[in-house]
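> could you look at this predicted model? Sequence included:
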Amino acid sequence: MNLVILLWRRVLRIDLFAFVAMGCLAIVGIFFIYSAGRHGAQAGLYAKQIGWAGFGLLVFAAAAAADYRRIGQQAL
């Protein structure tokens, strides 16, 4: 089977509602950090949080696209 088709099918299996909800929560959290520390010594802390939020979204998408049945078979 073509690798692109296989990857596309895995992407379509991701729960879109959970992915969007996680993204919205990350954005709200970044706004909170930005507003709390924009005038102090921690003015650039929100930029670091943006990087971690992006990394977290990528890990979430990879975990959601993984076939848990195959992982379970290998664990036994």
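Everything's here; your move. Keep in mind it's a predicted model, so treat the numbers as computed, not measured.
> from Ile5, how far out is the residue nearest in space to the middle of the chain?
Closest residue to the average C-alpha location of the chain: Leu57 at 1.0 Å, with Cα atoms, centre = their mean. Shown here: Leu57 relative to Ile5, a distance of 24 Å by Cβ to Cβ, to the nearest Å. Backbone N, C-alpha and C define where each C-beta goes, glycine included.
> try Phe60
Noted for Phe60: a distance of 23 Å to Ile5, by Cβ to Cβ.
> so between these two, which is more surrounded?
Neighbours per residue, other Cβ atoms under 10 Å: of Phe60 and Ile5, the larger number sits with Phe60, 17 against 9.
> show the pLDDT at the more buried one.
With respect to pLDDT, Phe60 has a value of 86.
> which parts of the strand or helix carrying it are buried?
Element membership for Phe60 (DSSP states H and E) is helix 45-65. Of the residues in helix 45-65, Leu45, Tyr46, Gln49, Ala53, Phe60, Ala64 count as buried by neighbour count, 16 or more other Cβ atoms under 10 Å.
> next helix or strand past that helix?
helix 68-75.
> quick one: mean pLDDT for that following helix?
For helix 68-75, mean pLDDT rounds to 78.
> elements contacting the helix holding Phe60?
Identification of packing neighbours for helix 45-65 by 3 or more Cβ pairs under 8 Å, 6 or more residues apart in numbering; DSSP states H and E yields helix 3-12, helix 16-36.
> can you give me the neighbour number for the closest residue to the residue nearest to the centre of the chain other than its chain neighbours?
In space, Leu57 comes closest to Gly23 once its chain neighbours are excluded; the distance is 6.2 Å by Cβ to Cβ, 6 or more residues apart in numbering. Gly23 has 15 neighbours, counted by other Cβ under 10 Å.
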